[in-house]
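Colleague: I would like to see how this sequence folds:
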Amino acid sequence: MSIGERLKLYAQLMRLDKPIGILLLLWPMMWGLWFAARGIPDWHILVIFVLGTILMRSAGCVINDFADRNIDPHVERTKNRPMAAGKLKSKEAVLLAAGLSLCAFLLILPLNQFTILLSVPALFLAGTYPFTKRFFAMPQAYLGIAFGFGIPMAFAAQTNSLPSYSWILMMANLFWVIAYDTVYAIVDKPDDLKIGIQTSAITLGRFDVLGVMLCHSMFIAIMLMIGFMQGMGMFYYVGLAVATGLILYQYTLIRNRDRSLCFKAFLHNNWVGMVVFLGIALDFLGYQII
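Modeller: Numbers count the residues shown, from 1 in each chain. Okay, the predicted model is just below:
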């Protein structure tokens, strides 16, 4: 195998060809940074967090495929991934994940000590999530905590503090992650049932779609509460209104549990995260102009 071919496999293992995971991790972190800075954050903090998001998501994908190397060959959607197809060895995956995690850690060293300390539980959560589906009935909730940890880290980096609403914002993101990752789990539900692993889609059973919509509702409700707490203006609420419309459209995609439409709905959550961010950013920009 040539170096170019191996690098291509590493990129696939890191899911660089499928950036949806980076985006779903990026938007909540951006919400946190803009709230913490009450507008545009310090540029060096923004650059560090964007690069760190890419590195940690890539490391998480590698760890996930290492953990699922004996499961993925039996799942239609994942059977052609590099490790599942036997194109890469376990040792390569472990070294790649360690290297990416080390780069992410080195990246945050210029930040304050509080942020560096918070990176320890963030790394632990990212590294252990892939193993939770073997014993935890709602691994999507664990993923929600892991995916949301960029929010308190953003506040710590920008303000060297963790106000109470930073945790409330993390909770809102938790419900959003459970919602979209349950939709993702519906896609794999037949295969997961055969293999015997745990997902929220299996745990919720015939109430899976209802559970998704309830989690989306909690997400929007908590974001509304944060808006009232922080005295947000029109743009913020317009962003939430558009996000609500997008979520209702997703319901039309998932209500019949068609696997291809559920996957489309999962991908569609990028737009939800983006419009919420635009509402936050434009609202603070309006305050700064005034």
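Colleague: Backbone dihedrals for Asn160, please?
Modeller: phi 60, psi 30 (degrees, to the nearest 10).
Colleague: What is the burial count for it?
Modeller: 13 (other Cβ atoms under 10 Å). Where C-beta positions appear, they are placed from N, C-alpha and C, glycine not excepted.
Colleague: Could I get the contacting residues of Asp72?
Modeller: Contact analysis of Asp72 by Cβ atoms under 8 Å, 6 or more residues apart in numbering lists 65, 78-79, 81, 83-84.
Colleague: any idea how far Gly60 is from Ile48?
Modeller: Ile48 sits 18 Å away from Gly60, going by Cβ to Cβ, to the nearest Å.
Colleague: who's more crowded, these two?
Modeller: Between Ile48 and Gly60, counted using other Cβ under 10 Å, the more crowded position is Gly60 (26 against 19).
Colleague: where do the strands sit along this protein?
Modeller: Counting by DSSP state E, the chain has no strands at all.
Colleague: Show me the shaky parts of the stretch 51-200 of the chain.
Modeller: For the stretch 51-200 of the chain, no stretch has pLDDT under 70.
Colleague: Please repeat the previous calculation with a cut-off of 90.
Modeller: 64-90, 126-127, 129-137, 188-198 (pLDDT under 90).
Colleague: can you give me the helices for it?
Modeller: Applying DSSP state H, counting those that start in this stretch to the stretch 51-200 of the chain gives helices spanning 90-108, 113-132, 139-148, 150-159, 164-195, 200-204.
Colleague: most tightly surrounded among the ones you listed?
Modeller: helix 150-159 (a mean of 25; mean count of other Cβ atoms under 10 Å).
Colleague: Tell me which residues are up against it.
Modeller: Residues contacting helix 150-159 (Cβ under 8 Å, 6+ apart): 25, 28-29, 31-33, 35-37, 41-42, 45, 48-49, 53, 108, 111-112, 114-115, 118-119, 122, 161-163, 166-167, 169-170, 173.
Colleague: and if you look at stretch 121-131?
Modeller: In contact with stretch 121-131 (Cβ under 8 Å, 6+ apart) are residues 56, 59-60, 63-64, 66-68, 97, 101, 104-105, 139, 142-143, 145-146, 149-150, 153.
Colleague: Could I get the phi/psi values of Lys87?
Modeller: Residue torsions, per degrees, to the nearest 10, at Lys87 are phi -90, psi -20.
Colleague: ok, how many other residues are close to it?
Modeller: Lys87, neighbours per other Cβ under 10 Å, totals 17.
Colleague: quick one: contacts for it?
Modeller: Per Cβ under 8 Å, 6+ apart, neighbours of Lys87: Leu9.
Colleague: From Ser161, how far out is Arg15?
Modeller: 34 Å.
Colleague: These two - which one has more neighbours?
Modeller: The residue with more neighbours, out of Arg15 and Ser161, is Arg15; 19 against 10, by other Cβ under 10 Å.
Colleague: per-residue pLDDT, the more buried one?
Modeller: We have a pLDDT of 92 for Arg15.
Colleague: Repeat that for Trp34.
Modeller: pLDDT, read off for Trp34, is 97.
Colleague: could you dump stretch 154-167 to CSV, C-alpha only?
Modeller: Extracted C-alpha coordinates of stretch 154-167, given in CSV (Å, rounded to 0.1, in the frame of the first residue of the first chain):
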residue,chain,number,x,y,z
ALA,A,154,-15.5,28.1,25.8
PHE,A,155,-16.7,30.0,28.8
ALA,A,156,-13.6,29.1,30.8
ALA,A,157,-11.3,30.2,27.9
GLN,A,158,-13.1,33.5,27.3
THR,A,159,-14.0,34.6,30.8
ASN,A,160,-12.1,32.2,33.2
SER,A,161,-15.4,31.5,34.8
LEU,A,162,-18.4,29.2,34.5
PRO,A,163,-21.7,31.2,35.0
SER,A,164,-24.8,29.1,35.8
TYR,A,165,-26.3,29.6,32.3
SER,A,166,-23.2,28.0,30.7
TRP,A,167,-24.4,24.7,32.2
